[in-house]
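**Student:** need coordinates for the following:
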Amino acid sequence: MEEIRLRAIIEYCTHNTVHGTEEIMDKIRQLPDCEVYEYGCLTSCGLCYLSPYALVNGESVEGETAEALYDQIMIKIHEIRIIEDWHS
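**Tutor:** Numbering: from 1, shown residues only. A predicted model of the protein is given here:
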C-alpha cells in the first residue's frame, strides 16, 4: 500500500509582503512537506492591507506581526502532521 503524505500548501499575496511575510515564507519553504505559493492577489484585500496573513490548505491564518503569522502557520502545519500520523 502506498503511503499518503499530507502536504501543507501555504499561499500568500505579494501585496502582503510589506508586513514582512516574504521572509517567513522563505523559512517555511525549507520545511519538508510544505509548498509555498506566491500570488499577486488572494482576493482578501481587507486582510492583506491590515495584517500579515496567508492561506494554509485554503484556511486563512493571520498574525499581528510576521513572526506571529509564522507561529500560526507552524501551528497549522503541526495540526496537519498530527492528522497524517493519526491516519497512518
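**Student:** what's the following helix or strand after the host helix or strand of residue 60?
**Tutor:** In this structure, residue 60 sits in strand 59-62 according to DSSP states H and E. Scanning forward in sequence from strand 59-62 by DSSP H and E, the next helix or strand is helix 66-87.
**Student:** list the buried residues for that following helix?
**Tutor:** By 16 or more other Cβ atoms under 10 Å, the buried positions in helix 66-87 come out as 66, 69, 70, 72, 73, 74, 76, 77, 80. C-beta: built from backbone N, CA, C; applies to glycine.
**Student:** just the closest of these to residue 37, please.
**Tutor:** Closest approach between these and residue 37, by Cβ to Cβ: residue 73, at 13.3 Å.
**Student:** just checking, that closest one touches residue 61?
**Tutor:** Yes. Residue 73 lies in contact with residue 61 (Cβ atoms under 8 Å); the separation is 5.7 Å.
**Student:** mind checking the SS state of the residue nearest the centre of the chain?
**Tutor:** The centre of the chain sits closest to residue 10, judged by Cα atoms, centre = their mean, with a distance of 3.5 Å. In three-state terms, and counting by DSSP: H, G, I helix; E, B strand; the rest coil, residue 10 is strand.
**Student:** skipping adjacent residues, who's closest to it in space?
**Tutor:** Once flanking residues are discounted, residue 10 sits nearest to residue 36: 4.8 Å by Cβ to Cβ, 6 or more residues apart in numbering.
**Student:** so who does that neighbour touch?
**Tutor:** Neighbour list for residue 36: 10, 11, 12, 25, 28, 29 [criterion: Cβ atoms under 8 Å, 6 or more residues apart in numbering].
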